[in-house]
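> Model the following, please.
(chains A, B, C and D)
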Number of protein chains: 2
Amino acid sequence: MRAHPAARKGESTRAAILDHAVKLASQIGLSGISIGRLAEDLGLSKSGLFAHFQSKEALQVQVLETASERFVSEVVRPALANPRGEPRVRALFERWLDWTKSQKTPGGCLFVAASVELDDQPGPARDKLVQLQRDWLSLMANVVQAGVAEKAFRADTDPEQFAHDLYAIMLGYHHASRLLKDPRADARAHAAFERLLGACRRVRKSA
Amino acid sequence: MRAHPAARKGESTRAAILDHAVKLASQIGLSGISIGRLAEDLGLSKSGLFAHFQSKEALQVQVLETASERFVSEVVRPALANPRGEPRVRALFERWLDWTKSQKTPGGCLFVAASVELDDQPGPARDKLVQLQRDWLSLMANVVQAGVAEKAFRADTDPEQFAHDLYAIMLGYHHASRLLKDPRADARAHAAFERLLGACRRVRKSA
DNA sequence: GAATAGAACGAACGATCGTGCTATTTTATG
DNA sequence: CATAAAATAGCACGATCGTTCGTTCTATTC
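Model (predicted):
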């Protein structure tokens, strides 16, 4: 009677929907994506698309999850393949920069957009985002902490402050490049990064 | 016949509308504010409120202008009253921080929200915002430049980079405090600021 | 191929959006 | 107080929103 658990033709369309939704959300925001717009773009019916999710809220959460998985595989995992200490931190930063410029999110980093959008809107989407951002920040802090343990960085380095500052650099880059279209945005971000990194190197190049 | 140019009872309601619209926009975004919502909150009719502006787009632009005027009178002008160099830069930063926490914008800095929201949406609102942000950044750069000219800061200080980095600190603060509700957000921002300032002080406290 | 479960559709719902019109009320001026 | 003008209300419009329902089409399994 009960069919074997198989049967997953709709899974591919679900993936296609989420893929496009991530793109769209990066441009017009998480709450900006509408079922109707998504359906039209993908050549589906509103109701057919809606059936894949139970609500728009659930869709938004899944959009965040999809973006997170992609972030892990494109930024985090490759960066962690680098040797501990400065190379790993540098790889994190560079891949993070690339992620922001990725065509997969033509509107810039989805998390940046969602962070501002959801900061005053309680609900499952906000909760999911906060969790993801906390994870990301503590991952960065851990990477820095490992560098300190290896004596690659000064012992008085505050890993959490480092992670916070690195995030701020990213936000500054986003602002300069996406809103202001500043051609020096890249250089600005790198300069800020080098200053941050320089402040916690062990060897003080004294005078 | 033609009444003297006087007659300005509607001017006060217009101000009240914009005042509330700024509050609202800081929480739910510039495009989140709806005519109906504004009218209901203020006890006006949709059409009556709408008549004060020619379009929603015009309303958004005026919201930005209103916020800008307030920013100038609450942050910029008082800060410029401080002596050139470090005190003035420090005042800018502190007042900027206070501005973000102001009850007048319960959703955090309106410009931060609008920056992310409008970065991919061409139109007059975006144009206005870009102009305001450019003005603000160059004002900060000028203040730093004046400090350099006065030998308060190192001669090789890049004023525009400083302004960019200061903005990034602000964005990081916003992220930490508003989204993550991090109680250390304030301390983090101040630590970052001191590091930024320390890097361009003239006297190197060598080893 | 018959039976069955999953996927997609079409139509409709109540609500809200921005935006016009036309009255009516309120205000300022003579 | 009368009058002209400005400010606001009332009503309606087309569009779009998220969501539901019942049906149809398309796979999968026997």
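> Now find how far off-centre the longest helix anywhere in chain A is within its chain.
In chain A, taking DSSP state H as the definition, the longest helix is helix A:124-149. Put simply, helix A:124-149 sits 11 Å off its chain's centre (CA atoms, centre = their mean, to the nearest Å).
> Just list what that helix packs against, helices and strands only.
Judged by 3 or more CB pairs under 8 Å, 6 or more residues apart in numbering or on different chains; DSSP states H and E, the packing partners of helix A:124-149 are helix A:56-71, helix A:86-101, helix A:110-118, helix A:159-174. C-beta coordinates here come from the backbone N, C-alpha and C atoms, glycine included.
> Would you tell me which of those helices gets closest to DNA strand C?
helix A:56-71 (11.8 Å; CB to the nearest atom of the strand).
> wait, does that closest one contact DNA strand D?
Yes. Using CB under 7 Å from any atom of the strand, a contact is recorded between helix A:56-71 and DNA strand D, made by A:56-57.
> That helix vs helix A:124-149, what angle?
Interaxial angle, helix A:56-71 versus helix A:124-149 (axes from the mean of the first three to the mean of the last three CA atoms, to 10 degrees): 20 degrees.
> contacting residues around the helix or strand following helix A:56-71?
Later in the chain than helix A:56-71, the nearest helix or strand by DSSP states H and E is helix A:77-80. Helix A:77-80 has contacts (CB atoms under 8 Å, 6 or more residues apart in numbering or on different chains) with A:88, A:91-92, A:95, A:143.
> Take those residues and write them to TSV, including distance to residue B:100, neighbour count and pLDDT.
Compiled in TSV, the contacts of helix A:77-80 are given as follows (distance: CB to CB, whole Å; neighbours: other CB atoms under 10 Å in any protein chain shown; pLDDT from 0 to 100):
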residue	distance to residue B:100	neighbour count	pLDDT
A:88	33	19	98
A:91	32	18	98
A:92	28	23	98
A:95	30	18	98
A:143	29	23	98
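> before we move on, back to that, please identify the buried residues of the longest helix of chain A?
Buried residues in helix A:124-149, counted by 16 or more other CB atoms under 10 Å in any protein chain shown: A:125-126, A:128-130, A:132-133, A:136-137, A:139-141, A:143-148.
> quick revisit: turn the helices and strands packed on helix A:124-149 into CSV, columns for distance to chain B.
Below are the helices and strands packed on helix A:124-149 laid out as CSV (distance: least, CB to the nearest CB, whole Å):
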stretch, distance to chain B
helix A:56-71, 13
helix A:86-101, 12
helix A:110-118, 4
helix A:159-174, 3
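> Looking at those helices, spot the one closest to residue B:22.
helix A:110-118 (16.2 Å; CB to CB).
> tilt between the closest one and helix B:159-174?
Put simply, helix A:110-118 runs at 60 degrees to helix B:159-174, going by the same axes, to 10 degrees.
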